[in-house]
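Visitor: sequence below, structure please.
(one chain, ligands or ions: 3)
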Amino acid sequence: MNLDTENKQRVRTICRSCGHGGCGVYVVVEDGKVVKIQPDKEHPVSKGYTCKKAYGSIELQYHPDRLLYPMRRAGARGEGKWERLSWDEALTEVAGKLNQFKQESGAESVVFGHGTGRDFHRFVYRVANLFGTPNVLTPGHMCYLPRVAISKLMGMDISLCDYDSKPACVVAWGSNHLISNPDENKGINLAKTLTNGAKFIVIDPRRTKLADKADLFLQIRPATDSALALAMMHVIVKEDLYDHHFVENYTTGFEKFVERLEEYPPERAEKITWVPKEKIIEAARLYATTKPAAMQWGVGIEQNINCVDADRALIYLVALTGNLDVPGGNVIFGLPPGLPRAKFSLFDQLPPEQHAKMLGGDRYRLGATINRITPHVVWDAIEEADPYQVRAMVIFASNTLTARENARRVHDVLKNKLEYFVAVDIFPTLTTELADIVLPAATWLENDNIADYWKVHGYVFPRNKAVEPEGQARPDHLILNELGQKLGFTEHFWEDYEESLDFILEPAGLTWDEFREMPYLQTDVKYRKYEKDGFNSASGKLDFYLHKYEEWGYDPLPGFVEPPESPAREPEFVEKYPLVLITGQRIFNFFGSEHRQGDYLRRTHPDPMVEIHPDTAAARGISDGDWVHISSPRDQVRFRARIFDGIDPRVVSAEWGWWFPEKDRTDIEVQLESNINLLTEDAGGLDPGMGATNLKGLMCQVEKAAA
Ligand SMILES: Nc1nc2c(c(=O)[nH]1)N[C@H]1C(S)=C(S)[C@@H](COP(=O)(O)OP(=O)(O)OC[C@H]3O[C@@H](n4cnc5c(=O)[nH]c(N)nc54)[C@H](O)[C@@H]3O)O[C@H]1N2
Ligand SMILES: Nc1nc2c(c(=O)[nH]1)N[C@H]1C(S)=C(S)[C@@H](COP(=O)(O)OP(=O)(O)OC[C@H]3O[C@@H](n4cnc5c(=O)[nH]c(N)nc54)[C@H](O)[C@@H]3O)O[C@H]1N2
Ligand SMILES: [Mo]
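Guide: Ligands and ions are numbered 1, 2, ... in the order given. Here you go, the predicted model:
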């Protein structure tokens, strides 16, 4: 902490306005209040970039809606009546209930949960594993974790763009990096790479701002990425543009893989993907011959039935062209020496017989290898006791009712079927409204933690708190530390939660007090590790043919299947729902369903928007800014039209995360009016390995609505 004067401080920390963001910032504090946020120009990942979500944090920090006290429901569920209770009462009650369910129905009857990646997640798993439940509900079935899981199955950690080593070519594949700045990296690094003259290929159904900068833009039909990747590799193998040395020395199953590639000539891929075959060939040649080339892939390719097939096809594309673990390619960075990840989560404390009870674990086998479950298995267990009764959920940092697919079902389950529900958030949301106990969490400005220690881009940063929490809010890891103790696991938790940070840092030979003064820890980057260590697979090599997938009853080679709803469906269906729908176009001003409370961020983006091509709009009498209804076989939602000629006329793209904190939170119909997850399905036609859901590439109709 840099003390400037007695009443004014400038605290160096990491912005967490994006849960898994991580731009370096300085927070200026005057008389205990945050007054200014400034970019940290020395930060090695964000390099002086920050976005308006950082600046918007100040208004939200002091917003009157914030949850400031533990509360117990005092009326019917969703009625909006609450009574305050102390932290001790709240955590004693929660722990007592959970232990009662465990005794009566087994630990698996309790499901823990969290939302998108945040620094405290290790604590959720630590508590869940000690408690004995294998069930933790997250968005990991269709966001990022499929990449992690399939990489692991292939014997490596996830590989990421090595922007600092000057890639000569970058592919942005289903990734809108300048808007989303997601996961382990920041758009600034891609932007700098392009300024340096790298060749650039964008693969997206929408002509994004990134696509405007591209040498090649492939406007793909949503959910068909695996077919495109296979066709590109078809070209690369046919034209002998692949890395023979790598294939011969470090892979198995290449012949069978080539047989599969035979099924995906560019002509066939053109029909599937809507990308002209000439462009497929051009993209394959450009990527394979411009070295080194980095593949920046995003959730655009993961949120559909072909999720893992697209992920593994992209990994093969990287490997086949000699871009795996080389400078400027896709590199497996790893963590700074000794910092534990899985170890802290105590997965080894979960007895095998409890792990075997993981909901959907015998069905979505890849997900089970990294302890991730798809949501419908939880709802099935609550509604039908299938395969056993789930009685309680404890959810941290997840507005489940806006974020999970099939929102009507989620609402019904949480409101009417679940026996006991605890939600921890910084704001009241549609989800906290349905809880029995609500616990107030501290914001990133109020929170000491270690940033990115679960991430894999090689850096770990101290996240210093700038101010004390408002009201009685507490950091999530402090809440979990105390819940763990109340549940009876005192030897695994700490008197003072800061000691837990010391514990995490111990292998690096640091205490939290030492680390908090440091800029960061960094991994020694090593390239081509496979040359010395091989791959962590049964063969010791990178397998093109996955025997484990075969054993599980899935396709051992990547392929393509039509999504459950697609233009290939029966004519009556397509006539009724003729447009391909993308749900979840990211919004620059907001992260997920957050930030809509603050005027600073909301005033320039007040309404839910759907992008429509001018021809598609004209055929329906829709003008820019009109309210429209988007309907699917399941429901109908209301959005404002943004007429955009950069989207394919057969596709529309709607934002996700919309609710209206300024309106009555207990009026559920008003609140769900623009929730795009009324149109998404949670079950049926999912990716076989992960249970990834079809958030991209479903079918809909759009019509003008009353103003
Ligand atoms: N249709 C559709 N649905 C999607 C997506 C899509 O593209 N389309 N995207 C999906 C993806 S990729 C993801 S990752 C998920 C995200 O899923 P979630 O993370 O569940 O999404 P949010 O609704 O943003 O919920 C985050 C909640 O955490 C609260 N919060 C913020 N900071 C903290 C904190 O430090 N502590 C606590 N306790 N609470 C905090 C916020 O107030 C908010 O209510 O959504 C998925 N849902
Ligand atoms: N401002 C902001 N930033 C965020 C978030 C946010 O809500 N707001 N959410 C965070 C989260 S949880 C995540 S996971 C990341 C996601 O960030 P990214 O991985 O960048 O993903 P998206 O922005 O959802 O989508 C990227 C692009 O994929 C395209 N796309 C849609 N369907 C398909 C398809 O089938 N194939 C291909 N090739 N492209 C497709 C979309 O048009 C979009 O331009 O962003 C994070 N960052
Ligand atoms: Mo995500």
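
Visitor: who touches stretch 568-577?
Guide: E562, E565, P567, S631, S632, P633, M699, C700, Q701 (C-beta atoms under 8 Å, 6 or more residues apart in numbering). Yep, even glycine has a C-beta here, placed from its N, CA and C like the rest.

Visitor: which non-adjacent residue is nearest Q303?
Guide: Leaving aside its chain neighbours, Q303 sits nearest to L695 (3.8 Å; criterion: C-beta to C-beta, 6 or more residues apart in numbering).

Visitor: list the residues that contact T693.
Guide: So T693 contacts H141, M142, Q303, N304, T374, P375, E405, T680, E681, D682, L686 (C-beta under 8 Å, 6+ apart).

Visitor: same thing but 7 Å
Guide: Contacts here follow C-beta atoms under 7 Å, 6 or more residues apart in numbering; on that basis T693 touches H141, M142, Q303, T374, E405, T680, E681, D682, L686.

Visitor: could you do V94 as well?
Guide: V94 touches V422, I437, L483, counting by C-beta under 7 Å, 6+ apart.

Visitor: what does F421 show for phi and psi?
Guide: phi -140, psi 130 (degrees, to the nearest 10).

Visitor: would you agree it is in contact with A435?
Guide: Yes: if you go by C-beta atoms under 7 Å, F421 and A435 touch, sitting 4.8 Å apart.

Visitor: more crowded one of these two?
Guide: A direct count of neighbours by other C-beta atoms under 10 Å for F421 and A435 places A435 higher, at 27 against 22.

Visitor: find the residue closest to the more buried one in space, skipping its chain neighbours.
Guide: Closest to A435 by C-beta to C-beta, 6+ apart is A423, at 4.0 Å.

Visitor: what about the one you found, how many residues nearby?
Guide: A423 - counted by other C-beta under 10 Å - has 27 other residues nearby.

Visitor: picking that back up, mind listing which of the contacts of V94 are in helices?
Guide: Per DSSP state H, helices hold the following members of the contacts of V94: L483.

Visitor: of the contacts of V94, which is the nearest to ligand 2?
Guide: Ranked by distance to ligand 2 (C-beta to the nearest ligand atom), the contacts of V94 are led by V422 at 22.9 Å.

Visitor: just checking, the closest one touches V394?
Guide: Yes: assessed by C-beta under 7 Å, V422 is found in contact with V394 at 4.4 Å.

Visitor: so where's the stretch 151-300 of the chain uncertain?
Guide: Residue ranges of the stretch 151-300 of the chain with pLDDT under 70: 183.

Visitor: that should have said the chain, apologies.
Guide: 1-4, 183, 337-342, 453-455.

Visitor: for ligand 3, what's the nearest residue on it?
Guide: C143 (3.4 Å; C-beta to the ion).

Visitor: what's the neighbour count on S566?
Guide: 21.

Visitor: quickly note the distance from the residue in the stretch 301-450 of the chain positioned nearest to ligand 2 to N181.
Guide: Nearest to ligand 2, among the residues of the stretch 301-450 of the chain, is I301, at 5.1 Å (C-beta to the nearest ligand atom). The gap separating I301 from N181 is 18 Å, by C-beta to C-beta, to the nearest Å.

Visitor: more neighbours, the two?
Guide: With neighbours defined as other C-beta under 10 Å, I301 and N181 compare such that I301 has more, 30 against 27.

Visitor: tell me the SS of the residue lying closest to D615 once chain neighbours are set aside?
Guide: Once flanking residues are discounted, D615 sits nearest to P649: 4.9 Å by C-beta to C-beta, 6+ apart. What DSSP: H, G, I helix; E, B strand; the rest coil gives for P649 is coil.

Visitor: which residues are in contact with P649?
Guide: Listed by C-beta under 7 Å, 6+ apart, the contact set of P649 reads H613, D615, T616.

Visitor: of those residues, keep whichever come out buried.
Guide: Neighbour counting with 16 or more other C-beta atoms under 10 Å marks H613, T616 as buried within those.

Visitor: which of the contacts of P649 sits closest to P387?
Guide: T616 (44.6 Å; C-beta to C-beta).

Visitor: what about the closest one, distance to S151?
Guide: 38 Å.

Visitor: residues of the chain that sit close to ligand 1?
Guide: Residues of the chain found near ligand 1 (C-beta under 6 Å from any ligand atom) are 115-116, 118, 139, 143, 299, 303, 396-400, 402-403, 424-427, 429, 441, 476, 583-584, 592-594, 656-657, 676-677, 680, 695.

Visitor: just the ones of those residues in helices?
Guide: T400, T402, A403, D476.

Visitor: just flag the most distant two among those.
Guide: That would be T402 and D476, which, of those, are the farthest apart (C-beta to C-beta) at 19.3 Å.

Visitor: re earlier: which one of the contacts of T693 is nearest P205?
Guide: Once C-beta to C-beta is applied, the member of the contacts of T693 that ends up nearest P205 is Q303, at 12.5 Å.

Visitor: touching ligand 3 at all, stretch 298-311?
Guide: No: judged by C-beta under 5 Å from the ion, stretch 298-311 and ligand 3 are separated, with a smallest distance of 5.7 Å.

Visitor: can you list the residues that contact that stretch?
Guide: 142-144, 146-147, 150, 173-176, 180, 182, 204, 223, 225-226, 229, 366, 558-561, 563-564, 584, 685-687, 689-690, 692-697.

Visitor: with stretch 610-624 instead?
Guide: Applying C-beta under 7 Å, 6+ apart, the contact partners of stretch 610-624 are 206, 585, 628, 630, 639, 641-645, 647-649, 652-654, 702-704.

Visitor: next step: those restricted to strands.
Guide: Judged by DSSP state E, strands contain the following of the contacts of stretch 610-624: 585, 628, 630, 639, 641-643, 652-654, 702-704.

Visitor: among the residues you listed, which ones lie close to ligand 2?
Guide: Among those, ligand 2 is touched by Q585, S653 when using C-beta under 6 Å from any ligand atom.

Visitor: in ChimeraX, how would I select just the buried ones from the ones in strands among the contacts of stretch 610-624?
Guide: The buried residues among the ones in strands among the contacts of stretch 610-624 can be selected in ChimeraX (16+ other C-beta under 10 Å) with this line:
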select :585,628,630,639,641,642,643,652,653,654,702
